[in-house]
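> the following comprises the amino acid sequence and a computationally predicted model.
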Amino acid sequence: MTWMKFAVWLFGFYTLYYAAIIFWDQLRSKRAHTQQDKHELTFVEDIEPIRSHIEESAANDTGSSIASSGGVSLKQMFNLAREEVIEYTRAVSF
């Protein structure tokens, strides 16, 4: 038996195997639709909005040196390192 024949037979067995599983699953799902007892899982969360303290803290700004906090792209990070805006502990190759 050559490798090509082996591969073809293996592909054929896998195809038949998965076709049989799909057929069996379809057959079972048709039987499940005929039953009257259907279960549906639902989740309900009662979420109430809360007032954010960000506006209040922005009004009480004490002149912090932080311009913004959040994610930056890699290019922006290198630009910030070049301008010595951020503190880094190892050498960064530009």
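Right, received. Where do you want to start?
> need the longest helix for this structure.
helix 3-34 (DSSP state H).
> show me what stretch 8-22 is in contact with.
Stretch 8-22 has contacts (C-beta atoms under 8 Å, 6 or more residues apart in numbering) with no other residue. C-beta coordinates here come from the backbone N, C-alpha and C atoms, glycine included.
> what's the average pLDDT for that stretch?
Throughout stretch 8-22, pLDDT has a mean value of 96.
> restrict that stretch to CA atoms and write it as PDB.
Output of stretch 8-22 as PDB, limited to C-alpha atoms (Å, rounded to 0.1, in the frame of the first residue of the first chain):
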ATOM      1  CA  VAL A   8      -7.200   8.300   0.500                       C
ATOM      2  CA  TRP A   9      -8.500   5.500   2.700                       C
ATOM      3  CA  LEU A  10      -7.900   7.600   5.800                       C
ATOM      4  CA  PHE A  11      -9.700  10.500   4.300                       C
ATOM      5  CA  GLY A  12     -12.600   8.200   3.300                       C
ATOM      6  CA  PHE A  13     -12.900   6.800   6.800                       C
ATOM      7  CA  TYR A  14     -12.800  10.200   8.400                       C
ATOM      8  CA  THR A  15     -15.400  11.500   5.900                       C
ATOM      9  CA  LEU A  16     -17.800   8.600   6.600                       C
ATOM     10  CA  TYR A  17     -17.200   8.900  10.400                       C
ATOM     11  CA  TYR A  18     -18.100  12.600  10.500                       C
ATOM     12  CA  ALA A  19     -21.000  12.200   8.100                       C
ATOM     13  CA  ALA A  20     -22.400   9.500  10.400                       C
ATOM     14  CA  ILE A  21     -22.000  11.800  13.400                       C
ATOM     15  CA  ILE A  22     -23.700  14.700  11.600                       C
END
